[in-house]
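Enquirer: sequence and computational prediction follow.
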Amino acid sequence: MARGRRDGVLIAGGGVAGCLAALAMVRLRPEVPLLIVEERARFGGEGYQSWFDAEVEGPEAALIAPLATQHWPGFYVAFPGFNRKLKADCAGFDGAALHEAMLATLAPNQMRLGVKVVAVREDALVLDGGEELKAEGAIDARGLSHSSALDLHYEARLERTCRLAAPHNVDRPVLVDATGEQGRGFAFRQVVPLDTHRLMIADALISEHGQPGEPARAWLDHYVGLRGWADCEIESEVALVRPLPSGGDFSAFWRIGGARAARLGSRGGFFHPVTGRKVADAARAAMLLTRQRDFAGSMLHDALEAKAHGLWRGRAFLRGLNASAAGDGEVQRDHAERLFQLDPGLIVRFHADRLGLLDRRKVQKAFA
């Protein structure tokens, strides 16, 4: 998209939300000019992305299903004195898979890598160095920012991809392993089998702080030793943060920054309040984008803001669960343990943000 042109859509940020929006537009609205700009040398963002099949359906499922590099029929959870194997179809991919999908789908003139966006306006991106790109509308998908209007805790994660000399024999993800010592808030480990010899192992800590500390590396080393995974070669390691809102002024969150630029991903509040996962929200927002008739920046802003506000209102119950345990690691772990003792179908609906009235009563009773 050449400078000065006034048609099409600009996307700032090539993480999960930005990439899914670009993929959906190129596949379903190829007549609309598009350019996505990412600061790093590759698309896809950081960390491993997973979801339950029940989280998406129809067009959203069709958008993300081809990206999945792993599929499982269920998952494990483990707590002190309690562990469980649950059935639930789930899948995942890493940033490399999303990057490859972008390169295979978008034309060279639809992407710019290694270019920093310093400002997003209603109809323009301002690049580091002063270059300005113009279009009908621009979308900011650069990640969480200006979150002071929200009441947040965080899931601070350290994700490590390891290659083992021998097969690890992990047949499905360990969604929560909270059997280790706590003392840091609510801490747990996650394990995702990538292939017969490779694992993604994460140390997660829910607290008021937004970054995993140095102890997370020691906890991961200790966990690998406990599981007997000898000769574990570390291929990559990344620190991540997932916001977990318990309240706040969502309208003010969207007003901060002044510009009426449309937003996607964490920057727009598109994520599950309890798990922090954003793939399903990103897929739904991407499909909403493809259904727009007018791609003017003000129209994109209003459509995506309305969608985000609808999700925020509908998730008041989930934010209330966060608020009821905020700052108390023992209560957070107790709630998680009680949740995973409930009916498997309810557990999946909880993660898929599809709780009915009876489901909510059961969750409230379990947490009482």
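Expert: Sure thing, it's come through. Keep in mind that what you see is a predicted model, and the values were worked out from it rather than measured.

Enquirer: quick check: which ranges of the stretch 51-200 of the chain have low pLDDT?
Expert: 181-184 (pLDDT under 70).

Enquirer: the strands in it, which residues?
Expert: Taking DSSP state E, counting those that start in this stretch, the strands of the stretch 51-200 of the chain run over residues 70-79, 82-93, 111-113, 117-121, 124-127, 132-134, 137-140, 150-164, 174-177, 186-193, 198-207.

Enquirer: the fifth one: partners in the sheet, and parallel or antiparallel?
Expert: By that I understand strand 124-127. strand 117-121 (antiparallel), strand 132-134 (antiparallel) (DSSP bridges).

Enquirer: need the winner for burial among the ones you listed.
Expert: strand 117-121 (a mean of 19; mean count of other Cβ atoms under 10 Å). From N, CA and C alone the C-beta is placed, and that goes for glycine too.

Enquirer: need the residues that contact it.
Expert: With Cβ atoms under 8 Å, 6 or more residues apart in numbering as the test, strand 117-121 has contacts from 12-13, 37, 39, 125-128, 138-140, 142, 259, 261, 297.

Enquirer: which one of these sits closest to Pro66?
Expert: Gly13 (21.5 Å; Cβ to Cβ).

Enquirer: who's in contact with the closest one?
Expert: 36-39, 117, 140-143, 264-265, 267.

Enquirer: give me that answer again for 10 Å
Expert: 19, 21, 36-40, 43, 45, 117, 120, 139-143, 263-267 (Cβ atoms under 10 Å, 6 or more residues apart in numbering).

Enquirer: roughly how far does it sit from Gly265?
Expert: Distance from Gly13 to Gly265, counting by Cβ to Cβ, to the nearest Å: 7 Å.

Enquirer: do the same with Gln341
Expert: 33 Å.

Enquirer: same question for Ala336.
Expert: Relative to Gly265, and taking Cβ to Cβ, Ala336 is found at 25 Å.

Enquirer: if we can go back for a sec, tell me the most buried of the strands of the stretch 51-200 of the chain?
Expert: strand 137-140 comes out most buried of those by mean count of other Cβ under 10 Å, with a mean of 29.

Enquirer: relative to the whole chain's centre, how far out is it?
Expert: 20 Å (Cα atoms, centre = their mean, to the nearest Å).

Enquirer: also stretch 294-309?
Expert: Taking mean C-alpha positions (Cα atoms, centre = their mean), stretch 294-309 and its chain are 21 Å apart.

Enquirer: average model confidence for the longest strand anywhere in the chain?
Expert: When the chain is parsed with DSSP state E, its longest strand is strand 232-248. Averaging pLDDT along strand 232-248 yields 94.

Enquirer: quick one, it and strand 150-164 angle?
Expert: Relative orientation of strand 232-248 versus strand 150-164 (axes from the mean of the first three to the mean of the last three Cα atoms, to 10 degrees): 170 degrees.

Enquirer: using CSV, list the CA coordinates for strand 232-248.
Expert: Written as CSV, here are the backbone C-alpha positions of strand 232-248 (Å, rounded to 0.1, in the frame of the first residue of the first chain):
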residue,chain,number,x,y,z
CYS,A,232,16.7,-31.4,28.5
GLU,A,233,18.1,-29.0,25.9
ILE,A,234,16.5,-25.5,26.1
GLU,A,235,15.6,-24.4,22.6
SER,A,236,13.9,-21.1,23.6
GLU,A,237,12.6,-19.2,26.6
VAL,A,238,10.2,-16.2,26.7
ALA,A,239,8.6,-14.2,29.5
LEU,A,240,5.0,-13.3,28.9
VAL,A,241,2.2,-11.5,30.8
ARG,A,242,-1.6,-12.2,30.6
PRO,A,243,-3.9,-9.5,32.1
LEU,A,244,-6.7,-10.7,34.3
PRO,A,245,-9.3,-8.0,34.9
SER,A,246,-11.5,-7.9,38.0
GLY,A,247,-13.2,-4.5,37.2
GLY,A,248,-12.6,-1.0,36.1
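
Enquirer: okay, the next helix or strand after it in PDB with CA atoms only?
Expert: Next in sequence after strand 232-248, counting helices and strands by DSSP states H and E, comes helix 250-255. The C-alpha coordinates for helix 250-255 follow below in PDB (Å, rounded to 0.1, in the frame of the first residue of the first chain):
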ATOM      1  CA  PHE A 250     -13.900  -0.100  30.300                       C
ATOM      2  CA  SER A 251     -15.100   3.000  28.400                       C
ATOM      3  CA  ALA A 252     -12.200   5.000  29.800                       C
ATOM      4  CA  PHE A 253      -9.900   2.100  28.800                       C
ATOM      5  CA  TRP A 254     -11.000   2.600  25.200                       C
ATOM      6  CA  ARG A 255     -10.800   6.400  25.500                       C
END
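
Enquirer: quick one: strands adjacent to the next helix or strand after helix 250-255?
Expert: Proceeding N to C from helix 250-255, the next assigned helix or strand is strand 262-263, under DSSP H and E. Using DSSP bridges, the strands paired with strand 262-263 are strand 137-140 (parallel).

Enquirer: what comes up buried for stretch 98-105?
Expert: 98-102, 105 (16 or more other Cβ atoms under 10 Å).

Enquirer: one step back: the longest strand of the chain vs strand 198-207, what angle?
Expert: 30 degrees.

Enquirer: return the distance of strand 232-248 from the chain's centre.
Expert: 10 Å.

Enquirer: scan this structure for its longest helix.
Expert: helix 297-314 (DSSP state H).

Enquirer: comparing Ala336 and Gly265, which shows the higher neighbour count?
Expert: Gly265 (27 against 20; other Cβ atoms under 10 Å).

Enquirer: hang on, the earlier thing: dump the strands paired with strand 124-127 to TSV, plus distance to Asp328.
Expert: Compiled in TSV, the strands paired with strand 124-127 are given as follows (distance: least, Cβ to Cβ, whole Å):
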stretch	distance to Asp328
strand 117-121	38
strand 132-134	47
